[in-house]
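Trainee: Here's a sequence, model it:
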Amino acid sequence: MNRRLPSCGRIALGAVLACLTWGRAGASPHCQATEPPPNVLLLVSDDQRPDTIGALGNPIIQTPHLDSLVRGGVVFTRAISPNPICVASRAEMLTGCCGIRNGTVNFGGRLAPDQVPWARTMREAGYHTCYVGKWHSAGRPKAWGYEESLGLFAGGGARFQRETVDHHGRKVTGYVGWVFQTDDGRLFPEKGVGLTPDISRTLADAAIALLERVPQKPFFLHVNFTAPHDPLLMPPGYQARYDPQRMTLPPNFLSRHPFDHGNFAGRDEQLFAWPRTAEEVRSETAVYYAVISHMDRQIGRILRALDDTGQTGRTLVIFTSDQGVALGSHGLRGKQNMYEHTVSVPLVLRGPGVPQGRRLDAQCYLRDLYPTVCDLAGIKIPAVVQGRSLLPVVRGQTKSIYPAVHGYFQDVQRMIRTDRWKLIYYPKLRRCQLFDLNNDPHELNDLSQHPNCRDTLGSLCAKLSAWQAEVGDPAARAEGVSLEPGEESPPSRTE
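Mentor: Purely as a prediction, here's the structure:
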């Protein structure tokens, strides 16, 4: 991608060189000089709720560049992160497998030896694989198939850490000791230790640098932002962007969740005081929105770099997040729950082979991105990959891939969601919640004890038990989901 060539010359040269290198095993058999394989730009945010993009219905937040992606591509409105914690979610995306299968169920774990990472598959098919940003997986990017890293941000600098506070004066407990570094471990603490207010710009700078100098063959560029994960720090120039007093509370705001969902003592839940207050949620939301808007501006810079290097027309751009977050919804602050504001993620695709301006309600997982990109690029999908290609839905060949999707967190929560219904099961409490998402999208009315819903409850319990047996869920009891339809749930617990 040499800036000295006019864009038409760059594209033609890129097509020829791409096809010259496209004879490797597993590569597309239909590559022609007029149809080079698509580049792939994967943009991933961190803890971004699905309702934080202007074009998807948020009237307050300013996200013009994400709005442009939405208008120019396809949005999957029911995509989920089934295990909503950073390490596990990212492992599912990078392997195309459920965490129970790939070996990364919680905050750590060893990757199962038979896994074939996404970047490795792309590299072996002739792609130049590059990585930028937050690394929250085992090992190093090179071990996962990335040939080149720039702006790599990971742990390892705890000795440089000094106690700091977030925008609201709370002690920072997230990203402690994280620093920029090379893939072989050389640290750059002078660039900041932990999150910094302008980190999204630094990550965009690295992505742009790679776009300007990657070899003339198709690229797979994976950019992991840290925004808008806590600690929330006000980006420079954004102090007046959002007035806390004008922030609206989420429709399902509560001062306290009605019972301990299994993570009341977790770090995320300690970021807010108990009980939750409207003032604290509004103030936090204002900074959260500012961090997203700042990231959106940096995404705009990356997209302009695609234009400047003549790559936009043959680059598949994907935007998503590793999971959402509560931020006051249901009386919770963090992730680690099965509600829609957390398991649901924004998912936008734009580029070759993708229609413009469409919204699709097919249920899907983040792990489906791996086989979808392989399918679009004509790359053989490794047999171990469990995710399914979404291309038939994108092309209008089918309306759905899964009759139901499932979620889980440690041994304290399990979930099944169909097109209409959601069952959340709490094994240690022998308690469940049942929501009619068609009529109650904010999950305000638990129907688990409603007499008219007994058959629905029983059917979902049985399906959830069958899924646990199918995937080898280590938390499954021998008798499966133990709350039978009509059984009295234990009383709500508060702490």
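
Trainee: Need the CA coordinates for stretch 373-389. PDB is fine.
Mentor: Output of stretch 373-389 as PDB, limited to C-alpha atoms (Å, rounded to 0.1, in the frame of the first residue of the first chain):
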ATOM      1  CA  VAL A 373     -14.900 -14.400   6.900                       C
ATOM      2  CA  CYS A 374     -13.400 -17.700   5.700                       C
ATOM      3  CA  ASP A 375     -16.500 -18.400   3.700                       C
ATOM      4  CA  LEU A 376     -16.500 -14.900   2.200                       C
ATOM      5  CA  ALA A 377     -12.800 -15.200   1.200                       C
ATOM      6  CA  GLY A 378     -13.100 -18.800  -0.100                       C
ATOM      7  CA  ILE A 379     -10.900 -20.200   2.700                       C
ATOM      8  CA  LYS A 380     -11.500 -23.700   4.000                       C
ATOM      9  CA  ILE A 381     -12.900 -23.600   7.500                       C
ATOM     10  CA  PRO A 382     -11.000 -25.800   9.900                       C
ATOM     11  CA  ALA A 383     -13.100 -28.800  11.100                       C
ATOM     12  CA  VAL A 384     -12.600 -27.900  14.700                       C
ATOM     13  CA  VAL A 385     -14.400 -24.600  14.300                       C
ATOM     14  CA  GLN A 386     -17.900 -24.700  15.900                       C
ATOM     15  CA  GLY A 387     -19.100 -21.300  14.700                       C
ATOM     16  CA  ARG A 388     -21.200 -21.100  11.600                       C
ATOM     17  CA  SER A 389     -20.900 -18.900   8.600                       C
END
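
Trainee: Can you name the residues in contact with it?
Mentor: Here stretch 373-389 makes contact (C-beta atoms under 8 Å, 6 or more residues apart in numbering) with 26-31, 37-38, 40, 95-98, 101, 114-116, 118, 121-122, 125, 218, 316, 318, 352-353, 364-365, 367-372, 391, 401-402. For glycine as for every other residue, the C-beta is placed from the backbone atoms N, C-alpha and C.

Trainee: do that again at 6 Å, thanks
Mentor: Applying C-beta atoms under 6 Å, 6 or more residues apart in numbering, the contact partners of stretch 373-389 are 26, 28, 37, 40, 96-98, 114, 116, 125, 353, 367-368, 370-372, 391, 401.

Trainee: now stretch 236-253
Mentor: For stretch 236-253, the external contacting residues (C-beta under 6 Å, 6+ apart) are 197-198, 278, 281-283, 285-286, 289-290, 294, 328-330, 442, 444.

Trainee: ditto for stretch 161-175
Mentor: Residues outside stretch 161-175 that contact it (C-beta under 6 Å, 6+ apart) are 176, 177, 193, 194, 195, 230, 231, 232, 233, 234, 267, 287.

Trainee: First residue to last residue on that stretch, what's the distance there?
Mentor: Taking C-alpha to C-alpha, to the nearest Å, stretch 161-175 runs 10 Å from one end to the other.

Trainee: buried stuff in it?
Mentor: 161, 166, 167, 170, 172, 174, 175 (16 or more other C-beta atoms under 10 Å).

Trainee: any idea which of the residues you listed is closest to residue 308?
Mentor: Using C-beta to C-beta, residue 175 is the member of those that lies nearest residue 308, at 31.4 Å.

Trainee: For that closest one, pull up the helix or strand it's in.
Mentor: Per DSSP states H and E: residue 175 is located in neither a helix nor a strand.

Trainee: again with residue 203
Mentor: Using DSSP H and E, residue 203 falls in helix 199-211.

Trainee: number of nearby residues for the closest residue to residue 288 other than its chain neighbours?
Mentor: Excluding the flanking residues, the one nearest residue 288 by C-beta to C-beta, 6 or more residues apart in numbering is residue 228, at 5.2 Å. Counted with other C-beta atoms under 10 Å, the neighbours of residue 228 add up to 25.

Trainee: what's downstream of the helix ranked longest in the chain, the next helix or strand?
Mentor: In the chain, with assignment by DSSP state H, the single longest helix is helix 278-308. As assigned by DSSP H and E, the chain's next helix or strand after helix 278-308 is strand 315-321.

Trainee: I'd like the average pLDDT over that following strand.
Mentor: What strand 315-321 shows for mean pLDDT is 98.

Trainee: Equivalent analysis for stretch 347-365, please.
Mentor: On average, stretch 347-365 scores 96.

Trainee: What lies in contact with it?
Mentor: With C-beta under 6 Å, 6+ apart as the criterion, stretch 347-365 contacts 38, 69-79, 82, 314-320, 376, 390, 393, 400-402, 405.

Trainee: Can you give the distance of that stretch from its chain's centre?
Mentor: Remark: stretch 347-365 is offset 15 Å from the chain centroid, using C-alpha atoms, centre = their mean, to the nearest Å.
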